[in-house]
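A.B. asks: kindly generate the corresponding structure for this input.
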Amino acid sequence: MIINLNRPNYNAWTISSDSYPGSESIESKIQYFLKYALLAVSANNAQPWLFSINGDELLVKYNETKMLPVMDAHSRSLYIGIGAAIGNLEIAAHYFGYSLSIEYLFHGVDVVKIKVFPTRNVDDSLVEMFSAITQMKTNRRKRLDLAISLHSVKKIETVLLKSKTFYRLVQNQEEKEQIGDLVVSSIRYVFSNTRCRRDLAKWVRDNYTHKYDGMPAYTKGIPDIPSLIVPLILKYVNIGKQHATSSKRMIISSPVTFVLGSSIDSLRNWVSVGQSMQKISLMSISEKLSVGIFIGPIEFEELREKVVSCLNLSFAPQIFLSIGYCSRGVEHSPRHQLQQILLS
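C.D. replies: Numbers count the residues shown, from 1 in each chain. Predicted structure coming up:
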């Protein structure tokens, strides 16, 4: 399916740097930066963020209606998604000469307070990532048998080193096979559990959807007509075997997989990992690479311990990114418009 980006639930992707309100108030500029923030990735494309502007300050909240009580019982994915939105915000603000000062709150639904201020510092890597924001798509297709250049890998690693994110670079085929098997185990568990399937089904959309969030079936390679019944099938039928097979194929065919993590599990660390995840995804896209993001084995303690063991990790793993070249691209997913996520 070819998506018409002029549709209301897709036209957030058409934002252009030409529309930057350079002569207007700081509030107008922050609103403009938020249009890039809302293009960030999130689990099931739930887009769990809300924003409130007060002068040069921005309050970031999580949206309680976007929580995944079964699939994301600890809210790890929720906070990683909010971190990804902050990552986009930082990149967009930096491109137009502004920096962010972040105060972590974690009071109720309040996550962080951000002050936006002018800066003369220039980070070339952030500037490079900016144009990739509107190209951001997660692609879970099988990768081409092409190596990634050392130059591209180093650029991605530099982003992680700057952010002080714990990470492990996986290129060994045996280790990729092990990760793939753990992902298969997590998917089989999810799809064999009725509560998990129903939690997931809430976020699966048919290809003609008019909703502003969720995952259209074409993101899983499902054609238009069959997509009309996919949410219903998912709710009542275990189709995990097919999904597990395609996910493992992506992982073992990817030349590079990054495991991102933190010293310990904490809300602040999850937000930070989300920022890093978004940045290295954008750096990868700027290098013409495709990115697949997955978290399954992290959500189940037994599988998470196996991840730590088989990769000999000295940190708490939080999310995986499989990176490589794909012969076929994917379409954008729907996104909220600014007025839907901006509180008065």
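
A.B. asks: helix, strand, or coil at Pro226?
C.D. replies: Using DSSP: H, G, I helix; E, B strand; the rest coil as the criterion, the local structure at Pro226 reads helix.

A.B. asks: before we move on, what about His332?
C.D. replies: Here His332 is coil, with the state taken from three-state DSSP.

A.B. asks: quick check, it in contact with Ile3.
C.D. replies: Yes: with contacts counted by C-beta atoms under 8 Å, His332 reaches Ile3, the gap being 6.0 Å. Where C-beta positions appear, they are placed from N, C-alpha and C, glycine not excepted.

A.B. asks: now do the shared contacts for the two.
C.D. replies: Taking C-beta atoms under 8 Å, 6 or more residues apart in numbering as the contact criterion, the residues that touch both His332 and Ile3 are Tyr10.

A.B. asks: and the closest residue to Arg195 other than its chain neighbours, what does it touch?
C.D. replies: The spatially closest residue to Arg195, leaving aside those adjacent along the chain, is Val70, at 4.9 Å (C-beta to C-beta, 6 or more residues apart in numbering). If you count contacts by C-beta under 8 Å, 6+ apart, Val70 has them with 193, 195-196, 198-199.

A.B. asks: pLDDT score for Val70?
C.D. replies: According to the prediction, Val70 has pLDDT 85.

A.B. asks: give me the domain ranges for this structure.
C.D. replies: 11-136, 150-324 (automatic domain parsing).

A.B. asks: ok, Phe315 - how many residues close by?
C.D. replies: For Phe315, the tally of surrounding residues (other C-beta atoms under 10 Å) stands at 17.

A.B. asks: meant to ask about Met215
C.D. replies: Met215 is surrounded by 21 other residues when neighbours are defined as other C-beta under 10 Å.

A.B. asks: likewise His210?
C.D. replies: Count around His210 with other C-beta under 10 Å applied: 10.

A.B. asks: ok, Ser77 next?
C.D. replies: The number of residues packed near Ser77 is 25, by other C-beta under 10 Å.

A.B. asks: relative to Ile225, how far out is the residue lying closest to it once chain neighbours are set aside?
C.D. replies: Setting aside the residues directly before and after it, Ser77 is nearest to Ala43 in space (C-beta to C-beta, 6+ apart), at 3.6 Å. Relative to Ile225, Ala43 is positioned 27 Å away (criterion: C-beta to C-beta, to the nearest Å).

A.B. asks: what does Arg249 give?
C.D. replies: Between Arg249 and Ile225 the computed distance is 25 Å (C-beta to C-beta).

A.B. asks: who has more neighbours, these two?
C.D. replies: Neighbours around Arg249 and Ile225, counted as other C-beta under 10 Å, are more numerous at Arg249. The numbers are 15 against 10.

A.B. asks: what's the following helix or strand after the helix or strand in which the more buried one is found?
C.D. replies: For Arg249, the element it lies in under DSSP states H and E is helix 240-253. Scanning the chain past helix 240-253 towards its C-terminal end, the next helix or strand to appear is strand 256-262 (assignment: DSSP H and E).
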